[in-house]
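**Student:** just the structure for this:
(one chain, ligands or ions: 1)
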Amino acid sequence: MGRGFLLALEGVDGSGKTTQAQLLALSLLQQGRDVVLTQEPTTGPVGQKLRHYLQGPTRHLSPLEELDLFLTDRREHVEMVINPALAEGRMVITDRYYYSTVAYQGALGLDPGEILAANEAFAPQPDLVFLLLIPVAQALERLQRKRQVSELLPYLERVAAIYEALADQRIQRVDAATSSQALHATLLTRTLAALEGFEGGGRRS
Ligand code: TYD
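**Tutor:** From the prediction side, this is the model:
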């Protein structure tokens, strides 16, 4: 049995990743594929602590402390969920992966290249990444009722700039300023094309 396929969805808050990850997983499951849908921050103890922290009133941890927590959460995710599923030949769709750390903790002033290297030392490289592109102001409109927009805007602009600068041939940039159904159709077509190439001999050893 060959190794499974790892797909990551990335983008700023409000870009629609979570909806798209769910729609994609559902379509692939309906086609009879063995899909594991997962997310970061995870639902494990460190992931829950991170979500609680990120929803809190202040961001009081230092950038390095944040980085450390995201790396700890991801180590658990890789060890307990991602690697076992890939070893069983399953397809894994993750709603955020290490490019989120590169972009979000990079936007706090840490070096994006160093963050990437720290992650690639332990986390399997994805076979395909969809980077959902949408103007930050439009993404924030979608979230308006949930979060403090004025504080988030400049931060997310920096996050988006780091995402945009990523030079990685596995990353496919997709226009996300469109309807959910149109975006889903694009992502499904592209995923099936990538899977065909993978299963037709492009499979990792
Ligand atoms: P998000 O996907 O927006 O979760 P939800 O929509 O369920 O609240 O992720 C939560 C936040 O975590 C988001 O603002 C981005 C941030 N984040 C990082 O800063 N670094 C990371 O490595 C990851 C995975 C997420």
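**Student:** return the set of buried residues in stretch 102-111.
**Tutor:** Across stretch 102-111, burial judged by 16 or more other C-beta atoms under 10 Å covers 102-108, 110. Backbone N, C-alpha and C define where each C-beta goes, glycine included.
**Student:** please enumerate residues in contact with it?
**Tutor:** With C-beta atoms under 8 Å, 6 or more residues apart in numbering as the test, stretch 102-111 has contacts from 10, 63-64, 66-67, 70, 112, 115-116, 119, 155-156, 158-163, 166.
**Student:** change it to 7 Å
**Tutor:** Applying C-beta atoms under 7 Å, 6 or more residues apart in numbering, the contact partners of stretch 102-111 are 63, 66-67, 70, 112, 115-116, 155, 158-159, 162-163.
**Student:** averaged pLDDT, that stretch. What do you get?
**Tutor:** What stretch 102-111 shows for mean pLDDT is 98.
**Student:** is it positioned near the ligand?
**Tutor:** Yes - remark: stretch 102-111 sits within contact range of the ligand at 104-105, by C-beta under 6 Å from any ligand atom.
**Student:** mind checking the SS state of the nearest residue to Ala87 once chain neighbours are set aside?
**Tutor:** Nearest residue to Ala87, sequence neighbours excluded (C-beta to C-beta, 6 or more residues apart in numbering): Arg3, at 7.1 Å. Following DSSP: H, G, I helix; E, B strand; the rest coil, the label given to Arg3 is coil.
**Student:** how deep is Arg3 tucked in, by neighbour count?
**Tutor:** Arg3: 17 surrounding residues under other C-beta atoms under 10 Å.
**Student:** give me phi/psi at Gln169?
**Tutor:** Main-chain torsions, Gln169, degrees, to the nearest 10: phi -70, psi -10.
**Student:** neighbours around it, how many?
**Tutor:** A count of nearby residues for Gln169, using other C-beta under 10 Å, gives 6.
**Student:** tell me the secondary structure at Leu37.
**Tutor:** Put simply, Leu37 is strand when judged by three-state DSSP.
**Student:** check Pro57 too.
**Tutor:** Here Pro57 is coil, with the state taken from three-state DSSP.
**Student:** returning to what we had before: got phi/psi on the residue nearest to Ala87?
**Tutor:** Here Arg3 shows phi and psi, under degrees, to the nearest 10, equal to phi -70, psi 150.
**Student:** looks like it contacts Glu88 (just checking).
**Tutor:** No - assessed by C-beta atoms under 7 Å, Arg3 is found out of contact with Glu88, at 9.3 Å.
**Student:** which residues of the chain score low on pLDDT?
**Tutor:** Flagging of the chain using pLDDT under 70 yields the residue ranges 1, 145-150, 201-205.
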